[in-house]
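Student: Have a look; sequence and predicted model below, questions after that.
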Amino acid sequence: MKNISIAIDGPSGAGKSTLARAVAAQVGCLYVDTGAIYRTIGYYALTHGIDPKDGAAVAKSLPDVQVELTYGEDGLQHMLLNGQDVTKEIRLPEVSLYASAVSAHRPVRDFLLDMQRQLARTHSVIMDGRDIGTVVLPDADVKVYLTASAQARARRRCAELEQRGTPEPFEKVLREIQERDWNDIHRDTAPLRQAEDAVLLDTTELTFQESEAALLHIIRERTHL
Ligand code: DC
């Protein structure tokens, strides 16, 4: 049977990865977190003293960067940077802004495009990111634009950080979310926007279970999954 591709885009902290991972398990698709790929490049810049906003410097470093996406025995996506597993490190808060900054440069996006498309050619996937429905997989079978208000996203992020034992003030979390939104929406290359044929799912007023049910419904209405 033909591989199915499901594109989920939206701003930071809208719950894309948690929801997409949960739904992928139920419909038997491979879950691909493309943010992790940009985070890996961001992490490289951070650990090699490269200014992530300097497009020329970032582009110059790309030949030295080997990024691999693998699936561990735990079934989870792992990122390898020059052979080293950096899955945990790329979640450090300081990597977020680096990832957002490096992702604005076209050479970085071109460098990672094939890798993402190749995964969709060889598997049925649920891929989440910012430009999956608009650039990476414009012919995806299902496109969803998943969003929530910045306040709701900051509240959820604060709860998550508190649970992890690394609480941060709400105002700081909100400011960072707004800064990343601005970067992601205003960059010239593949900016974050809703594809014309994407279904809008706003989870501001929804619980996790309600959001999951809504996402499953959208997918099942449009595929045989
Ligand atoms: O989803 P995330 O927060 O882990 O993504 C980190 C950064 O990577 C985010 O600020 C924007 C960028 N990104 C992107 O430009 N395109 C994607 N498809 C996925 C992420």
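Tutor: Perfect, thanks for sending it.
Student: who in this protein is up against the ligand?
Tutor: Counting by CB under 6 Å from any ligand atom, the positions of the chain adjacent to the ligand are 12, 34-35, 38-39, 99-100, 103, 129-132, 180, 184. For the C-beta atoms, the positions are set from N, CA and C on the backbone; glycine is no exception.
Student: Looking at these, which are in helices?
Tutor: 35, 38, 39, 99, 100, 180, 184 (DSSP state H).
Student: Report the two of the residues you listed separated the most.
Tutor: Using CB to CB, these span at most 13.4 Å, a distance reached by 39 and 184.
Student: Show me which of those two is the more surrounded one.
Tutor: Neighbours per residue (other CB atoms under 10 Å) separate residue 39 from residue 184, with residue 39 holding more: 27 against 20.
Student: who's in contact with the more buried one?
Tutor: Shown in contact with residue 39 (CB atoms under 8 Å, 6 or more residues apart in numbering): 79, 90, 91, 95, 96, 98, 99.
Student: Give me the number of neighbouring residues for the fifth one.
Tutor: This points to residue 96. Neighbour number of residue 96 under other CB under 10 Å is 21.
Student: what do you get for residue 160?
Tutor: 14.
Student: can you check residue 64 too?
Tutor: Residue 64 has 9 nearby residues by other CB under 10 Å.
Student: who's in contact with it?
Tutor: residue 82.
Student: Tell me the spacing between it and residue 48.
Tutor: 8 Å (CB to CB, to the nearest Å).
Student: repeat for residue 127
Tutor: 28 Å.
Student: The two - which one has more neighbours?
Tutor: Neighbour totals were compared for residue 127 and residue 48, and residue 127 leads with 27 against 11 (other CB under 10 Å).
Student: where does the more buried one land in three-state SS?
Tutor: Under the three-state scheme (DSSP: H, G, I helix; E, B strand; the rest coil), residue 127 adopts strand.
Student: what about the closest residue to it other than its chain neighbours, helix or strand, and which?
Tutor: Spatial nearest neighbour of residue 127, excluding adjacent residues (CB to CB, 6 or more residues apart in numbering): residue 32 at 4.3 Å. Assigned by DSSP states H and E, residue 32 belongs to strand 30-33.
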